[in-house]
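J.: After the sequence you'll find the predicted model.
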Amino acid sequence: MDEIRQRDREGTRRRILDAARRLFADLGYDQVTMRMIAAEADANIALINRYFGSKRDLFAEVLAMQGRFPGVLDGPEEELPRRLAEYVAERLRSDQGSVVLAALIRSSSAPEIHEIIRDRVSSAILGPLSARLSGPDATFRAMVATALVTGSGTMRQLYGPDSGDAPDHETVVARLTAVFEACLGVGDPGTAPAPSR
C-alpha cells in the first residue's frame, strides 16, 4: 500500500512539474498562476503547495530539471572552444528547443526570480566553465562564453532552426570555434597561468 501511495505521489509530482514547465515556457513566470498549473496537471493547489511550497520554489525546480552541459566540459582545455561550438551549432539547428530555456527567456523580467535564474546559470554553465579555464580572468572569460551559449538559445527561440541563410554545419562550427577561442583565450599566451616563483 505504501509503495502504491509513493508511486501516486511521484506521478502527481511529475505531472505538476511537467505542467509548470510547459506553462512557464509558453507564458512566462508572471503570467502563470498556481490555479493554471493545478488545472493543467489535474491536481489540486494544496498538493502543489505541499510538494513545492510557492510558485517561486516550483519555478526553481523546473530550472533544476535542465542538466549541465552533457560532456561538453570534459576533455582537454584546448579542445573546449570546438566542443562549445558544436554544442551551440547543434542547438541552433535543432527542431527541439529547450523548454527550460524558453521558460527562462519568457520569465527574465520577473524580479522575484532573478536570483534563481542567476544561481541556475552560475551552477549549470558559468561556474563549471570557469573552473575548467586556466590563467587570469577565468570567470570573466567564462561569462562571455556563457553569454554566447545562452544567447544562442534565445536566437533559436526567436527565429527557429531554419532562420537566415546559415552555411553548412561545419562552417558554422568553425566560425563559432573561432569566436569561443577569442572569448575564452584558450591557447592565448596572455591567459597562461603565471609562472611560479
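T.: Perfect, I can see it now.

J.: Quick check, residue 23 in contact with residue 35.
T.: No. Here residue 23 does not reach residue 35: they are 10.9 Å apart, not a contact under Cβ atoms under 8 Å. (Glycine included, C-beta is placed from N, CA and C.)

J.: who has more neighbours, those two?
T.: Each of residue 23 and residue 35 has its neighbours counted (other Cβ atoms under 10 Å); residue 23 has more, 21 against 11.

J.: What separation is there between that one and residue 92?
T.: The gap separating residue 23 from residue 92 is 26 Å, by Cβ to Cβ, to the nearest Å.

J.: what about residue 76, neighbour count?
T.: By other Cβ under 10 Å, the burial measure for residue 76, its neighbour count, is 9.

J.: quick one: low-confidence parts of the chain?
T.: When the per-residue scores of the chain are filtered using pLDDT under 70, the ranges that remain are 1-7, 66-70, 95-99, 157-158, 161-165, 187-197.

J.: Please parse it into its domains.
T.: Structural domains of the chain, as assigned by automatic domain parsing, span the residue ranges 2-64, 77-191.

J.: Centre of the chain to the longest one, how far?
T.: Spelled out, it's domain 77-191. Using Cα atoms, centre = their mean, to the nearest Å, the mean C-alpha position of domain 77-191 is found 9 Å from that of the whole chain.

J.: Residue 71: which of the domains of the chain is closest?
T.: Closest to residue 71 of the domains of the chain, according to Cβ to Cβ: domain 77-191, at 7.9 Å.
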